[in-house]
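In: Quick one, what's the 3D model for this:
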Amino acid sequence: MVQIQPESLFRLLLALEKDCPDHMSVLDLVVGDKPLKALTILEMVIPRYLNHLKQETTKKDNSTAARAEVTAINSLAVAVRALVMCCESFARNMSLPQRYLEASNTAGSKPTHNHSIHSLTMDDREDSHASRHMEEGRRKTYGQEPDDLELREEFRKPRDSLLSVSAEFYTKCHARLKELRKILADPAFRPPELFDNKAHNRLAEVAHTLLKLAPYDPLTMACTGLQRYMLEILPNTDWSHELIRPGLNLILRRLDRLFTKISKKSALRVRHKLAKGSFFCFFSNF
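Out: Prediction:
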């Protein structure tokens, strides 16, 4: 199947800003799965749109163009926040199949319990659930089945895409607004809010679902969106506001449990040896 190049798709979208009757019914000629995976398209379009805005401002080189770019970023921020808040279902955790939990633990391992100060959180049920299956796993083990792989991919991909889109928008706009402040040279200028407290907390919930799956699935640990959230959004966010603290606390508690699980199981340490380095970068930038 012929795939459209991202740059060509973006130029097509720019052309659609003008009156352009579709006499050829182009969309009907598209051969592909429906729906057309809007999050995947946004991953390609948003960085190019932001670069387009920057180029237009650079070309005109005046304060009017700079203010127009700020207005466009603000409008995009409203749309991205709405997108994040509409993804409420992405905050739901995945129920791991029993056979996969059993296969993820080494034979003969003993059930462990977390006695940290966070042991009274909602995550205790997950640990007891895993420990129970570890006991059963001593008697019988299972391999990964195609259905399990497909289920995890369907769970992982949209969440990873949402985090990638959010990180791309947040990181680029955060840096660009600083540049626009210098261009405007206006002491009264206040940059628009990119993510409000609700959006930050929702993104933390989405990242939490992937971190919860990560000990059992190396592909989830390697998700680009999850890594960008940890290394770009978290360090660049002002967590001093009380209303967004729940999101930060949720992530930190999950990281504590993640490293505890990895440290106690040699098989997990081998599979996730790169995780320590990735998250060390996060904490060093935080």
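In: Name the spans of the stretch 51-200 of the chain whose pLDDT lies under the cut-off.
Out: Applying pLDDT under 70 to the stretch 51-200 of the chain flags the ranges 96-147.
In: any idea where the helices of it begin and end?
Out: Secondary structure of the stretch 51-200 of the chain (DSSP state H, counting those that start in this stretch): helices at 63-86, 98-103, 124-137, 146-184, 197-213.
In: For Lys37, which of these is the nearest?
Out: Lys37 lies closest, by CB to CB, to one member of these: helix 146-184, at 8.2 Å. The way it works is simple: take the backbone N, C-alpha and C, and place the C-beta from them, glycine included.
In: gap between Leu252 and Leu231?
Out: Using CB to CB, to the nearest Å, Leu252 is found at 15 Å from Leu231.
In: neighbour count winner among these two?
Out: Taking neighbours as other CB atoms under 10 Å, Leu252 and Leu231 compare with Leu231 leading, 19 against 13.
In: Give the helix, strand or coil label for the more buried one.
Out: helix (DSSP: H, G, I helix; E, B strand; the rest coil).
In: Could you report the pLDDT at it?
Out: Leu231 is assigned a predicted lDDT (pLDDT) of 93.
In: Could you check how far the closest residue to Leu194 other than its chain neighbours is from Lys265?
Out: In space, and not counting its chain neighbours, Leu194 is closest to Ala77: 5.0 Å by CB to CB, 6 or more residues apart in numbering. Ala77 sits at a distance of 42 Å from Lys265 (criterion: CB to CB).
In: And Arg81, how far from Asp196?
Out: Arg81 is 6 Å from Asp196, by CB to CB.
In: Which of the two has more residues huddled nearby?
Out: Taking other CB under 10 Å, Arg81 and Asp196 do not tie; Arg81 has more neighbours (20 against 16).
In: got a list of what the closest residue to the more buried one other than its chain neighbours touches?
Out: Using CB to CB, 6+ apart and skipping the chain neighbours, the partner closest in space to Arg81 is Ala199 (4.8 Å). By CB atoms under 8 Å, 6 or more residues apart in numbering, the contact set of Ala199 is Val80, Arg81, Val84, Met85.
In: quick check, nearest of the residues you listed to Lys261?
Out: Nearest to Lys261 among the contacts of Ala199, with distances taken as CB to CB, is Val84, at 28.2 Å.
In: So what's the residue count around that closest one?
Out: Residues near Val84, counting by other CB under 10 Å, number 24.
In: before we move on, what about the one 10 residues further on?
Out: The burial count assigned to Met94 is 18, neighbours taken as other CB under 10 Å.
In: For it, which non-adjacent residue is closest in space?
Out: Spatial nearest neighbour of Met94, excluding adjacent residues (CB to CB, 6+ apart): Phe155 at 4.7 Å.
In: Next, work out how far apart that neighbour and His200 are.
Out: Phe155 is 22 Å from His200, by CB to CB.
In: Those two - which one has more neighbours?
Out: Taking other CB under 10 Å, Phe155 and His200 do not tie; His200 has more neighbours (27 against 20).
In: how close does the residue nearest to that one when sequence neighbours are not counted sit to Ile46?
Out: Leaving out its chain neighbours, the residue that sits closest to His200 by CB to CB, 6+ apart is Ile244, at 4.5 Å. According to CB to CB, Ile244 stands 23 Å off from Ile46.
In: go on, Leu243?
Out: Distance, Leu243 to Ile46, using CB to CB: 26 Å.
In: between these two, which one's more packed in?
Out: Neighbours were counted for Leu243 and for Ile46 using other CB under 10 Å; Ile46 has more, 21 against 11.
In: Any idea how far the helix or strand containing the more buried one is from the middle of the chain?
Out: Element membership for Ile46, per DSSP states H and E: helix 38-60. Its chain's average C-alpha position is 19 Å from that of helix 38-60, according to CA atoms, centre = their mean, to the nearest Å.
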